[in-house]
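In: got a predicted structure plus its sequence, pasted below:
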Amino acid sequence: QVQLVESGGGLVQAGGSLRLSCVASGLTFSTYHMGWFRQAPGKEREFVSAIRWSGGSKLYGDSVKGRFTISRDNAKNTVSLQMNSLKPEDTAVYYCSAASKFRVWGSRNRSSYDYWGQGTQVTVSS
């Protein structure tokens, strides 16, 4: 059974930082692209970032580019999202996701991802 478990969410003031982590089990982690999405109340789930199975390529949503950094450790089955210069509009539930490496790399569409975590809440106060 595949499990993606996020951690690291919380409450932070605007301008602050948080680091999210996602530990995967039940799959061969190194053969999956990993992604982060977020969903704010009343809004659709939004692409945040993704990293290729090898770690060689990374993608970012326009709203987080330059502030967030995605990384992965295939030895620890972990993908992380370092979030700096946080803004109130970053407030959302953040979801970790996994897509088989046989899928086309570069999709920002949630339908391209095979597995999802339960999410972790990030709240940024002004």
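Out: Received it, and whenever you're ready, just let me know what you need.

In: so how far is R110 from the residue nearest to the spatial centre of the chain?
Out: Closest to where the C-alpha atoms of the chain average out (C-alpha atoms, centre = their mean) is W36, at 2.0 Å. Distance, W36 to R110, using C-beta to C-beta, to the nearest Å: 11 Å. Where you see a C-beta, it was placed from the backbone N, CA and C, and this is true even at glycine.

In: which residues are common contacts for these two?
Out: Residues touching both W36 and R110 (C-beta atoms under 8 Å, 6 or more residues apart in numbering): S97.

In: skip the chain neighbours and tell me the closest residue to R103.
Out: S112 (5.7 Å; C-beta to C-beta, 6 or more residues apart in numbering).

In: and that neighbour, how many residues sit next to it?
Out: Neighbourhood size, S112 [other C-beta atoms under 10 Å]: 18.

In: show me the contacts for it.
Out: A99, R103, V104.

In: just give the closest residue to the last one, not the sequence neighbours.
Out: Nearest residue to V104 in three dimensions, chain neighbours excluded: S112, at 7.5 Å (C-beta to C-beta, 6+ apart).

In: helix or strand for the nearest residue to F47 once chain neighbours are set aside, which one?
Out: Of all residues beyond its chain neighbours, the one nearest F47 is R108 (3.9 Å), with distances taken as C-beta to C-beta, 6+ apart. Assigned by DSSP states H and E, R108 falls within no helix or strand.

In: just the element for the residue nearest to the centre of the chain, please.
Out: According to DSSP H and E, W36 maps onto strand 32-39.

In: list the pairing partners of that strand within its sheet, with orientation.
Out: Using DSSP bridges, strand 32-39 pairs in its sheet with strand 46-51 (antiparallel), strand 92-100 (antiparallel).

In: show me what the closest residue to G35 other than its chain neighbours is bridged to.
Out: Sequence neighbours aside, A50 is the residue nearest to G35 in space, at 3.9 Å (criterion: C-beta to C-beta, 6+ apart). Assessed by DSSP bridges, A50 has beta-bridge partners G35, L59.

In: residue contacts, A50?
Out: H33, M34, G35, W36, K58, L59, I70, A99, G106, R108.

In: do you know how far it is from T123?
Out: Taking C-beta to C-beta, one finds A50 at 23 Å from T123.
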